[in-house]
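A.B. asks: predicted model and sequence below, questions to follow.
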Amino acid sequence: MSNRLEGKICLVTACTRGIGRAIADLFVAEGATVWYAVRNLETGKAAVDAANAKGPGKAKLVYFEAHKPETHRSMINECLAEEGRLDVLVNNFGESNPRKDLDIMRCTWDEFEKTILCDLSTVFNACQEALNKAMLPQQSGSIINIGSVAAVCPDKTQVGYGVAKQGINHLTKQMARQVAHANVRVNVLNPGIIATEAVAQHLTPETQARYTTNCMIKRLGEPIDIAYMALYLASDESKYVTSHVMNVSGGWL
């Protein structure tokens, strides 16, 4: 590793596994101090201990529960109380119940509202707190929102998830325009289908095969594929990149 994030303070949400874990671990490997914002503190501690054992950066633990908006703010406050600054915020959380978040004919309003509210609130609240209390005063920072290709490619189901992720795309562009004067950059990564535990649990082998058939790079993505793009956006190498929606999908789109 090349210590591309040496000296930077970062916070990554929902990072005990999958894409979030790959991002947080890579940031530590690149020399950053990374706050792992997680719901399951026991699993989170194991992730933090493993990252610290490898270094050269540092891993720290903070509580985050997507369904408890107060934790979207308290995680930022706890990080700032100890570090005094925040250089990189990665909003990785996103969820949808594929058994309930169905097409427009069958999805209930309650499920639609629940999905959108949860997926958008985690981004809005954390960004607002990070901007007002850290990045705007310090006149620097990078926010990386993790979206989905579901935002830009209509699906046969999961109507709430697709709308929520498209909302994150637009919110990202709105924020980028509104905070660029303070040297704060805001970008979004839209992964394709990534080989995570969640994909293995919720997508059939047939669905995964259809994706790879229509993908220029004939495989599912790996969490590290997204992590390396996040590393670029977190580093000073991307200091002239903002308001960018990047599809990381192996050419699927």
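C.D. replies: Received the coordinates, thanks. Numbering: from 1, shown residues only.
A.B. asks: got a list of what Val163 touches?
C.D. replies: Phe112, Ile116 (Cβ atoms under 8 Å, 6 or more residues apart in numbering). Where you see a C-beta, it was placed from the backbone N, CA and C, and this is true even at glycine.
A.B. asks: so Lys100 sits against Cys107, correct?
C.D. replies: Yes: shown here, Lys100 and Cys107 form a contact pair, counting by Cβ atoms under 8 Å, at 7.2 Å.
A.B. asks: in stretch 147-160, what's buried?
C.D. replies: Gly147, Ser148, Val149, Ala150, Ala151, Val152, Thr157, Gln158, Val159, Gly160 (16 or more other Cβ atoms under 10 Å).
A.B. asks: sitting in helices, which of those residues do you find?
C.D. replies: With helices defined by DSSP state H, the entries of the buried residues of stretch 147-160 inside them are Val159, Gly160.
A.B. asks: now distance to Asp25 and pLDDT too, for the buried residues of stretch 147-160, in JSON lines please.
C.D. replies: Shown next, in JSON lines, are the buried residues of stretch 147-160 (distance: Cβ to Cβ, whole Å; pLDDT from 0 to 100):
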{"residue": "Gly147", "distance to Asp25": "21", "pLDDT": "95"}
{"residue": "Ser148", "distance to Asp25": "21", "pLDDT": "93"}
{"residue": "Val149", "distance to Asp25": "24", "pLDDT": "90"}
{"residue": "Ala150", "distance to Asp25": "25", "pLDDT": "86"}
{"residue": "Ala151", "distance to Asp25": "26", "pLDDT": "88"}
{"residue": "Val152", "distance to Asp25": "28", "pLDDT": "88"}
{"residue": "Thr157", "distance to Asp25": "32", "pLDDT": "88"}
{"residue": "Gln158", "distance to Asp25": "28", "pLDDT": "90"}
{"residue": "Val159", "distance to Asp25": "33", "pLDDT": "95"}
{"residue": "Gly160", "distance to Asp25": "30", "pLDDT": "95"}
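A.B. asks: report the two of the buried residues of stretch 147-160 separated the most.
C.D. replies: Largest separation among those by Cβ to Cβ: Gly147 and Thr157, giving 17.7 Å.
A.B. asks: chain neighbours aside, what residue packs nearest to Ala151?
C.D. replies: Lys165 (3.6 Å; Cβ to Cβ, 6 or more residues apart in numbering).
A.B. asks: now that neighbour: which helix or strand?
C.D. replies: Using DSSP states H and E, Lys165 maps to helix 159-179.
A.B. asks: do Pro56 as well
C.D. replies: Counting by DSSP H and E, Pro56 is found in no helix or strand.
A.B. asks: what sits against it?
C.D. replies: Met1, Asn3, Glu6, Ala29, Gly31.
A.B. asks: switch to 10 Å and redo it
C.D. replies: For Pro56, the contact set (Cβ atoms under 10 Å, 6 or more residues apart in numbering) comprises Met1, Asn3, Glu6, Val28, Ala29, Glu30, Gly31, Ala32.
A.B. asks: and the second one, helix, strand or coil?
C.D. replies: The one in question is Asn3. coil (DSSP: H, G, I helix; E, B strand; the rest coil).
A.B. asks: wait, isn't it in contact with Gly31?
C.D. replies: Yes: at 3.8 Å, Asn3 and Gly31 qualify as touching, with contact defined as Cβ atoms under 10 Å.
A.B. asks: hang on, the earlier thing: if I pick the residue nearest to Ala151, what's in contact with it?
C.D. replies: Lys165 touches 94, 96, 115-116, 119-120, 145-152, 158, 188, 190, counting by Cβ under 10 Å, 6+ apart.
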